[in-house]
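Novice: no sequence on this one, just coordinates:
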């Protein structure tokens, strides 16, 4: 089973890295962009014997406690067989 | 309109960062993981006047030419109104 975890900065937190990418893209001619924000993305492969419910619980705990800094970041995740 | 671009290392490329995260997670007790791979994630907000087809083309070009290193990385993206 595979899990995909997406970690991004909270809306209220400034994202200087995204701003830099936005600036660079605008400079090289991509004019139709309003905002760019960058986040992290994790692809987690779980062992075969794990049930969907266990996987859900485990991945959520990992995302909340390890992969995300709750002060400035938020996460979402999805599972796939 | 919003676009989400996911950039990850090709399957054939070693991911030492993911391996380190996997090792750390295993050490603190998460035993059911087989593999962890890390990638990047971009959230792009486009200007209002852009059609879905234009957005699709523009975002794909940005992802292919700027956000991804084609030698070691691959990307996928999705659009959302």
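Specialist: Ah, there it is. Values in this document were obtained by computation on a predicted structure and should not be read as measured data. Residues are numbered from 1 along each chain as shown, chains lettered A, B, ... in the order given.
Novice: contacts and neighbour counts: CA atoms only from here.
Specialist: OK.
Novice: partners of the helix or strand containing residue A:75 in the sheet?
Specialist: Following DSSP states H and E, one finds residue A:75 within strand A:73-80. Using DSSP bridges, the strands paired with strand A:73-80 are strand A:2-9 (antiparallel).
Novice: buried ones in the biggest strand by length in chain A, by neighbour count?
Specialist: With residue count as the measure and DSSP state E as the assignment, chain A has strand A:33-46 as its longest strand. Across strand A:33-46, burial judged by 16 or more other CA atoms under 10 Å in any protein chain shown covers A:33, A:35-46.
Novice: write out the residues of chain A neighbouring chain B.
Specialist: By the rule CA under 8 Å from any CA of the partner chain, the part of chain A lying against chain B is A:6, A:30, A:32-47, A:50, A:58.
Novice: circling back: can you list the residues that contact the longest strand of chain A?
Specialist: Residues from elsewhere that reach strand A:33-46 (CA atoms under 8 Å, 6 or more residues apart in numbering or on different chains): A:1-9, A:15, A:17-19, A:21-22, A:26, A:55, B:6, B:32-47.
Novice: now stretch A:14-30: average pLDDT?
Specialist: The predicted model assigns stretch A:14-30 a mean pLDDT of 95.
Novice: so residue A:24 is in which element?
Specialist: helix A:16-27.
Novice: same for that helix, what does it pack against?
Specialist: Judged by 3 or more CA pairs under 8 Å, 6 or more residues apart in numbering or on different chains; DSSP states H and E, helix A:16-27 is in contact with strand A:33-46.
Novice: so what are the sheet partners of the strand it packs on and their directions?
Specialist: Taking DSSP bridges as the criterion, strand A:33-46 sits next to strand A:2-9 (antiparallel), strand B:33-46 (antiparallel) in its sheet.
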